[in-house]
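K.L.:
Sequence below, structure please.
(one chain, ligands or ions: 1)
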Amino acid sequence: MCNHCVPAIDPAAAEVFGQKMLEVLNGGALSLMISLGHRTGLFDAMHGMEPATSSGIAERAGLNERYVREWLGAMVTGGIVLYDAPTRMYRLPAEHGEFLARNGASHMAGSLQFFAVLAGVEDRIVDCFREGGGVHYTEFPRFHEVMAEESAVTVAGALEEFVLPLEPGLIEQLAGGMDVLDVGCGSGLAMITLAERFPASRFLGIDFSEEAIGRARAEAARRGLRNVAFEIGDAARIDRPAQFDLVTAFDAIHDQRDPAAVLRQIREALRPGGLFLMQDIAASSQLENNMERPMAPFLFAISTMHCMTVSLAAGGAGLGTCWGEELALQMLGEAGFGQSRMESLPHDIMNSWYLSRAV
Ligand SMILES: C[S@@+](CC[C@H](N)C(=O)[O-])C[C@H]1O[C@@H](n2cnc3c(N)ncnc32)[C@H](O)[C@@H]1O
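P.N.:
Numbers count the residues shown, from 1 in each chain. As a prediction, this is how the structure comes out:
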């Protein structure tokens, strides 16, 4: 084909793609509106509420009616809230509320806050496309706050029911007393939850973010816990050989500057026979195998605008969110772990769970 020729267009394919673009446009807009509904408490106010006018909803949520009415416009036309025109009443169906309200059984609305977090660094990412390099963790607005909300659902809130039963006998061992390290602990909720539940065990969380460690320490102090500590430190320099029976890393390996060194340090930090429990993104290392993954575009977007770029910002490997299960298992082996087992959990379709023993 010549350089200036316009390629032949299949009108049917163009029509289908045009529809897709419309869905993307409206989906993007609804993502931001849902994030707003979450942050302002509107979904919490409306979940289980009788049909109400915009004034009634605004009053219950303690918000400005004009903004609430405009937001409701997006919710109604987006198929999230039902509207009865003659009475001007709005209703959030219970089935929708379960995904949107904080106490909903299938809560997802909190995750939609990530779009605004990512948009906060869009200009910097555009620069990186041109010049390379990356955007550092500290440049993301509200990252640790939103991350803590996310892992409160996928990790801390699921420890007892889903995560700990992955390893037979682990609950009993924790009850008896174990030394536990959480690498890249963020705001520390997983260790805090375990420390409260297993007073005979000792827990340590490390993270290089002062903000995250400050949040973790404040929450542990608020709960009066004496068996959990948090330290600012680099996961690539744990330097505590054979001091732990269990090491965890929740969504904290793929965005490392030097993930191979971190995995080696984790293996060295374990006592012989100790267990490494790693939660990381469910994806294949081969792009073509991710076509059926329900969240794949979201994961690559998070990677481009956060996980990959924070690693590149530090001159790191830039593995990316979708480094994938094949590479993860290979790197666990290279770090000196024996056979690793990979599991999926029903509450967490975004992640795979790896269990590896130090030999
Ligand atoms: C995606 S967040 C997950 C946080 C937490 N595990 C959770 O589930 O909420 C990754 C965490 O790893 C931390 N981190 C990244 N690289 C690190 C490094 N080299 N040393 C220590 N912490 C690191 C970040 O500050 C961040 O808190």
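K.L.:
ok, which residues in this protein are in contact with the ligand?
P.N.:
137, 147-148, 151, 155, 184-186, 206-209, 212, 234-236, 250-252, 255-257 (Cβ under 6 Å from any ligand atom). C-beta: built from backbone N, CA, C; applies to glycine.
K.L.:
Out of those residues, which sit inside helices?
P.N.:
Using DSSP state H, M147, A148, S151, A212 are the members of these that sit in helices.
K.L.:
Return the subset of the residues of the chain next to the ligand lying in strands.
P.N.:
Counted as lying in strands by DSSP state E, out of the residues of the chain next to the ligand, are I206, D207, F250.
K.L.:
Relative to F143, which of these is nearest.
P.N.:
Set against F143, the nearest of these by Cβ to Cβ is D207 (12.0 Å).
K.L.:
Could you list everything that closest one pairs with in the sheet?
P.N.:
Beta-bridge pairing for D207 (DSSP bridges): I232.
K.L.:
Quick one: residues contacting the residue nearest in space to the middle of the chain.
P.N.:
Taking Cα atoms, centre = their mean, the centroid of the chain lies closest to E150, which sits 5.0 Å from it. Shown in contact with E150 (Cβ atoms under 8 Å, 6 or more residues apart in numbering): G110, S111, F114.
K.L.:
Report pLDDT for it.
P.N.:
On the pLDDT scale, E150 is placed at 93.
K.L.:
Ok, C2 next?
P.N.:
Reported pLDDT for C2: 61.
K.L.:
Counting neighbours, which of the contacts of E150 comes out on top?
P.N.:
Highest neighbour count within the contacts of E150: F114, with 22 neighbours (other Cβ atoms under 10 Å).
K.L.:
name the element that one belongs to?
P.N.:
helix 114-119 (DSSP states H and E).
K.L.:
how about whichever helix or strand comes after that helix: buried residues?
P.N.:
Downstream of helix 114-119, the next assigned helix or strand under DSSP H and E is helix 122-131. Judged by neighbour count using 16 or more other Cβ atoms under 10 Å, the buried positions of helix 122-131 are R124, I125, C128.
K.L.:
Of the ones in strands among the residues of the chain next to the ligand, which is the nearest to E268?
P.N.:
Using Cβ to Cβ, those come closest to E268 at I206, 14.3 Å.
K.L.:
List the contacts of the closest one.
P.N.:
I206 is in contact with L181, D182, V183, G184, C185, F230, E231, I232, G233, A235, I238, counting by Cβ under 8 Å, 6+ apart.
K.L.:
wait, isn't I349 in contact with A296?
P.N.:
No. Judged on Cβ atoms under 8 Å, I349 makes no contact with A296 at a distance of 11.4 Å.
K.L.:
Among these two, which residue is more densely surrounded?
P.N.:
Neighbour count, other Cβ under 10 Å: between I349 and A296, A296 has more, with 18 against 12.
K.L.:
Show the contacting residues for R142.
P.N.:
Per Cβ under 8 Å, 6+ apart, neighbours of R142: Q113, A116, V117, G120.
K.L.:
In contact with the first one, which residues?
P.N.:
Each residue near Q113 by Cβ under 8 Å, 6+ apart is listed here: S35, H38, R39, R142, V146, E149.
K.L.:
ok, the third one to the ligand distance?
P.N.:
Distance from R39 to the ligand, counting by Cβ to the nearest ligand atom, to the nearest Å: 18 Å.
K.L.:
Could you report the pLDDT at that residue?
P.N.:
For R39, pLDDT reads 98.
K.L.:
Pull out the buried positions in the longest helix along the chain.
P.N.:
Criterion DSSP H: the longest helix present in the chain is helix 11-39. Neighbour-count burial for helix 11-39 flags L30, S31, M33, I34, S35, L36, G37, H38, R39 (criterion: 16+ other Cβ under 10 Å).
K.L.:
Show me what that helix is packed up against.
P.N.:
The helices and strands touching helix 11-39, judged by 3 or more Cβ pairs under 8 Å, 6 or more residues apart in numbering; DSSP states H and E, are helix 42-46, helix 65-77, helix 94-100, helix 114-119.
K.L.:
Same list, these, but as CSV with distance to A328 and mean pLDDT please.
P.N.:
Converted to CSV, the helices and strands packed on helix 11-39 look like this (distance: least, Cβ to Cβ, whole Å; pLDDT from 0 to 100):
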stretch, distance to A328, mean pLDDT
helix 42-46, 35, 98
helix 65-77, 39, 98
helix 94-100, 29, 98
helix 114-119, 22, 97
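K.L.:
Out of the ones you listed, which one sits most buried?
P.N.:
Among the helices and strands packed on helix 11-39, judged by mean count of other Cβ atoms under 10 Å, the one packed with the most neighbours on average is helix 42-46 (a mean of 25).
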